[in-house]
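1. Whatever this is, show me its structure:
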Amino acid sequence: MGLGTPKLQIRVMAAIASFYATVMILHVVSWFLVGVVMAPTYILLALASLCLSINIWGIVHSPRVIPLLRRI
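-> Residues are numbered from 1 along each chain as shown. Just a heads-up that it's a prediction; the model follows:
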């Protein structure tokens, strides 16, 4: 967003990244169902959730994010 990429391309990239994050969340949920509950389970779940939430936030609030990224 900060590089001036077209909005359509940003949305496509965020949608693809959101797909992979959702697949990771479903994969970790399958670990819970099997009974594999260790530190990596929670770490991967947190990272996938963070990635998904950032992508959704970037899609929904992209007009507000662009000026912020340009200042940074």
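
2. Helix or strand: which one has residue 65?
-> helix 62-71 (DSSP states H and E).

3. Report the backbone C-alpha coordinates of that helix in CSV.
-> Output in CSV follows, covering the C-alpha atoms of helix 62-71 (Å, rounded to 0.1, in the frame of the first residue of the first chain):
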residue,chain,number,x,y,z
SER,A,62,-7.0,0.9,3.1
PRO,A,63,-7.7,4.6,2.5
ARG,A,64,-6.6,5.3,6.1
VAL,A,65,-3.6,3.1,6.0
ILE,A,66,-1.9,4.5,3.0
PRO,A,67,-1.1,8.0,4.5
LEU,A,68,0.2,6.2,7.7
LEU,A,69,2.5,4.0,5.7
ARG,A,70,3.8,6.9,3.6
ARG,A,71,4.8,8.8,6.8
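
4. quick one: average pLDDT of it?
-> Here helix 62-71 scores 73 as its mean pLDDT.

5. what's the answer for stretch 18-26, then?
-> Stretch 18-26 carries an average pLDDT of 94.

6. hmm, who's touching it?
-> Residues from elsewhere that reach stretch 18-26 (C-beta atoms under 8 Å, 6 or more residues apart in numbering): 44, 45, 47, 48, 49, 51, 52, 55, 56. (C-beta placed from N, C-alpha, C; glycine too.)

7. okay, those in a markdown table with secondary structure and distance to residue 15 next?
-> Compiled in a markdown table, these are given as follows (DSSP: H, G, I helix; E, B strand; the rest coil; distance: C-beta to C-beta, whole Å):
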| residue | secondary structure | distance to residue 15 |
| --- | --- | --- |
| 44 | helix | 21 |
| 45 | helix | 21 |
| 47 | helix | 19 |
| 48 | helix | 15 |
| 49 | helix | 17 |
| 51 | helix | 13 |
| 52 | helix | 11 |
| 55 | helix | 8 |
| 56 | helix | 10 |
